[in-house]
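Asks: show me how the following folds:
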Amino acid sequence: AKGEEEFGRKRARSQRSQEADKPHRRKGEKIFSCDECGKSFTQAGGLKRHQLIHIGVKPYSCELCGKSFTRAGYLKTHQLIHSGFKPYSCDLCGKSFTRAGSLKRHQLIHSGFKPYSCELCGKSFSQAGHLKTHQLIHSGFKRYSCDLCGKSFTEAGHLKTHQLIHSGFKPYSCELCGKSFYQAGNLRRHQIIHSGFKPYSCDLCGKSFTRAGDFKTHQLIHSGFKPYSCELCGKSFYQAGNLKRHQIIHSGFKPYSCELCGKSFAQSSNLQKHLVTHSGIKNAKHKRSSSSVSNEGSFGQEPALEA
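Replies: Next up, the predicted model:
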């Protein structure tokens, strides 16, 4: 192509001028610079391989998935993904990686060093890629959409996790109680409940929590601030989930039915209260209360609606 020929001529001129300075250079000095992006190299061969990126030539292809690369080394590293071999392991958490560079980036998480900051909200990240993904939130651009419900996401991984909801498949199970989760992170947070470890304590009342988010929500009770308001009746709530459940009342949808009399309710808690009115189920309220206590730290659950 004409563009590639022009690029080749520019590359040759650049290399000839840089080779002329070769006898005068110091050891390790990067005298070979790319005219397109300015990146420098110690050897002409390194510059040549780099310039393939700009012209789009990727001569090394993976036989298993068809993905192409500019360098044979990149292809070899990629092929480790298919083999499942991850030779680089983190000494702190045991997580393994196919590339040394990926391990180094991961280790920044443990160091707490986050050099990449978002100019819009100030949030910091350990990796440039994570910052770029985060910035999509501010742009509102969500390229990954669910074919079943139309919900969109900024990351492909988030879409995959979301699709598990439609399948009902929860691959991560707790060995202690059998509860299952869509994500490994949710399982790890759930397991803190069994350990009894509650690192977040309220200075005002002493109540402790396993999660920082639950602790922050609790603090709203002391402040009296209820940021989530119903547009139809004006009732306010501490949590968005409580507002959503309240709005079911206005919709008229009552998914919880009493098997004894057929009466329906918008919320499961109201059904539990109703069951007490039937003879022979006088301990239903007590049973519900005990269940609520045992699930107090469960993740993905909201506390009962405020009065």
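
Asks: show me where the stretch 51-200 of the chain has strands.
Replies: Using DSSP state E, counting those that start in this stretch, the strands assigned to the stretch 51-200 of the chain run over residues 60-61, 68-69, 88-89, 96-97, 116-117, 124-125, 144-145, 152-153, 172-173, 180-181, 200-201.

Asks: and the helix or strand following the last one, what does it pack onto?
Replies: Along the chain past strand 200-201, the next helix or strand (assigned with DSSP states H and E) turns out to be strand 208-209. Secondary-structure packing of strand 208-209 (3 or more C-beta pairs under 8 Å, 6 or more residues apart in numbering; DSSP states H and E): strand 200-201. Where C-beta positions appear, they are placed from N, C-alpha and C, glycine not excepted.

Asks: ok, the strand it packs on: who's next to it in the sheet?
Replies: strand 208-209 (antiparallel) (DSSP bridges).

Asks: what is the rounded mean pLDDT of the strand it pairs with?
Replies: Over the span of strand 208-209, the pLDDT mean works out to 90.

Asks: circling back to that earlier point, columns mean neighbour count, mean pLDDT and distance to residue 163 on top of the strands of the stretch 51-200 of the chain, output as JSON lines?
Replies: JSON lines is the format used below for the strands of the stretch 51-200 of the chain (neighbours: other C-beta atoms under 10 Å; pLDDT from 0 to 100; distance: least, C-beta to C-beta, whole Å):
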{"stretch": "strand 60-61", "mean neighbour count": "14", "mean pLDDT": "88", "distance to residue 163": "29"}
{"stretch": "strand 68-69", "mean neighbour count": "16", "mean pLDDT": "87", "distance to residue 163": "28"}
{"stretch": "strand 88-89", "mean neighbour count": "14", "mean pLDDT": "89", "distance to residue 163": "30"}
{"stretch": "strand 96-97", "mean neighbour count": "16", "mean pLDDT": "87", "distance to residue 163": "26"}
{"stretch": "strand 116-117", "mean neighbour count": "14", "mean pLDDT": "90", "distance to residue 163": "29"}
{"stretch": "strand 124-125", "mean neighbour count": "16", "mean pLDDT": "88", "distance to residue 163": "26"}
{"stretch": "strand 144-145", "mean neighbour count": "14", "mean pLDDT": "88", "distance to residue 163": "10"}
{"stretch": "strand 152-153", "mean neighbour count": "16", "mean pLDDT": "88", "distance to residue 163": "10"}
{"stretch": "strand 172-173", "mean neighbour count": "14", "mean pLDDT": "90", "distance to residue 163": "15"}
{"stretch": "strand 180-181", "mean neighbour count": "17", "mean pLDDT": "90", "distance to residue 163": "15"}
{"stretch": "strand 200-201", "mean neighbour count": "14", "mean pLDDT": "89", "distance to residue 163": "32"}
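
Asks: which one of those strands lies closest to residue 275?
Replies: The closest of those to residue 275 is strand 180-181. By C-beta to C-beta, the value is 27.0 Å.

Asks: kind regards, and thank you for your time.
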